[in-house]
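*Asks:* Okay, here's the prediction I keep looking at, along with the sequence it came from:
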Amino acid sequence: EAGVVQSPRYKIIEKKQPVAFWCNPISGHNTLYWYRQNLGQGPELLIRYENEEAVDDSQLPKDRFSAERLKGVDSTLKIQPAELGDSAVYLCASSSQTGSTEAFFGQGTRLTVV
Amino acid sequence: DQQVKQNSPSLSVQEGRISILNCDYTNSMFDYFLWYKKYPAEGPTFLISISSIKDKNEDGRFTVFLNKSAKHLSLHIVPSQPGDSAVYFCADLTSGSRLTFGEGTQLTVNP
């Protein structure tokens, strides 16, 4: 069974440019998460989807970040415009149901803003 | 809000010995604590969990202990193997499915 797939693996952009990340969760997983991990820190939740509905986006910086999960499967996370402080690893995860004790993570996208 | 703290950024042990990774939390209202392991350039992978109603959970070489009075949990790995070298995160899972991670501890197991 394929795991959570993210692309691209690495992205380098200049500040003020837009960037987008893509995630394909494990087949059948209704819950999808986007996390951001800064260097030396643990992952921090940005947004959680149940199917196509964003049920927890309280930590998403909505002035520049947006996300969507069309048809309740794949998801994209966008930053526009990017700032230097957005440099981090962006992780997508999925789980089979709300409250599941195990979330499966993708390999992440390492974003560098210069 | 729950805060999860891992106060030791790194730990080094000899192969075959016990590794003990520690985690403190602030909010007594939680459903589960989980441990994740992360290798470089990979996403975190689930290792073991413990529910709020238990004080111990064991899975092979990995045992997690929960001390609710001290608001402390620990992960014991015995015997430690070089392949266990990774960053270990403890995470709290509360109702609503939000995982709150600690800062992580880099474990190095020396051959």
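*Replies:* Nice, thanks for sending it over.
*Asks:* who does residue 48 bridge with?
*Replies:* Since no chain was named, I'll use chain A. A:Tyr33, A:Asp56 (DSSP bridges).
*Asks:* That was the other one, I meant chain B.
*Replies:* Going by DSSP bridges, B:Ile48 forms beta bridges with B:Trp35.
*Asks:* A:Ser75 - how many residues pack around it?
*Replies:* The local packing of A:Ser75 (other CB atoms under 10 Å in any protein chain shown) involves 24 other residues. Every C-beta, even on glycine, is put in place using the N, C-alpha and C of the backbone.
*Asks:* Quick check: closest non-adjacent residue to it.
*Replies:* A:Arg69 (4.1 Å; CB to CB, 6 or more residues apart in numbering or on different chains).
*Asks:* First-to-last residue distance for stretch A:105-114?
*Replies:* 27 Å (CA to CA, to the nearest Å).
*Asks:* Surely B:Lys56 is in contact with B:Phe62?
*Replies:* No - between B:Lys56 and B:Phe62 there is no contact, the gap being 11.5 Å when judged by CB atoms under 8 Å.
*Asks:* more crowded one of these two?
*Replies:* With neighbours defined as other CB under 10 Å, B:Lys56 and B:Phe62 compare such that B:Phe62 has more, 17 against 10.
*Asks:* Just say helix, strand or coil for the residue lying closest to B:Ser12 once chain neighbours are set aside.
*Replies:* Nearest residue to B:Ser12 in three dimensions, chain neighbours excluded: B:Thr108, at 4.6 Å (CB to CB, 6+ apart). Classification of B:Thr108 by DSSP: H, G, I helix; E, B strand; the rest coil places it in strand.
*Asks:* does B:Thr108 really touch B:Pro9, like I thought?
*Replies:* No - using CB under 8 Å, B:Thr108 is not in contact with B:Pro9, being 11.7 Å away.
*Asks:* quick one, which of these two is more surrounded?
*Replies:* Relative neighbour count places B:Thr108 above the other of B:Thr108 and B:Pro9, with 14 against 11, counting by other CB under 10 Å.
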